[in-house]
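Visitor: coords please:
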Amino acid sequence: MDVPELWAGTDAGKAEHHCTVIDQDATVFLTRRVPNNEADLLELLAVVLELAEGEPVTWAVDLNAGGAALWIALLVKHDQRLLYIPGRTIHHASAAYRGSGKTDAKDAFVIADTARMRRDLQPLQATSEIAVDLKILTARRMDLSA
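Guide: Predicted coordinates for the structure are as follows:
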């Protein structure tokens with residue numbers, strides 16, 4: 001059985017993220033809420049890569065800093081293809097999907113599906129490890145200050 005390319009959309013938050021993984025037909029393979037800590041995020045990464053069975057996974061996030069900094073750093077470190085889709089784009093796109101209201105699971109699906117359908121999205125580029133570390137520390141300090 002051929003396993004198609006998978007798209008994983010993450011609705012990022014400060015304390016936790018919601019990730020939904022879909023295939024080329026928008027069939028949901030996985031939907032899961034994950035705490036924003038390294039151990040749980042690495043476990044999610046391993047589960048999704050296992051689902052892909054060696055095929056490519058395209059990851060997409062709705063934030064490019066702040067609460068998503070750790071997740072982004074982990075994906076970059078593991079050489080994953082990562083797209084950034086602005087929250088405003090997801091907000092407008094979600095109006096075309098069934099169901100009323102805003103939920104993290106719905107947003108994660110919309111992020112994954114948008115990444116699947118659009119070809120004009122640019123991948124996030126890897127930055128130096130020092131820059132990533134500084135972003136994580138800055139985000140953590142802002143959280144503690146708040």
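
Visitor: all helices of the chain, in order?
Guide: 38-52, 69-77, 87-94, 104-117, 129-145 (DSSP state H).

Visitor: which parts of the second one are buried?
Guide: Neighbour-count burial for helix 69-77, with 16 or more other Cβ atoms under 10 Å as criterion, is recorded at 69-76. (Glycine included, C-beta is placed from N, CA and C.)

Visitor: Could I have the CA atoms of that helix written out in CSV?
Guide: Presented in CSV, the C-alpha positions along helix 69-77 are these (Å, rounded to 0.1, in the frame of the first residue of the first chain):
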residue,chain,number,x,y,z
ALA,A,69,9.1,29.0,18.7
LEU,A,70,10.0,25.7,20.4
TRP,A,71,7.9,23.7,17.9
ILE,A,72,9.5,25.6,14.9
ALA,A,73,13.0,25.0,16.3
LEU,A,74,12.3,21.3,16.7
LEU,A,75,11.0,20.9,13.2
VAL,A,76,13.9,22.8,11.7
LYS,A,77,16.4,20.8,13.8
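
Visitor: same for that helix, what does it pack against?
Guide: Under the contact criterion of 3 or more Cβ pairs under 8 Å, 6 or more residues apart in numbering; DSSP states H and E, helix 69-77 touches helix 38-52, strand 57-61, strand 81-84, helix 129-145.
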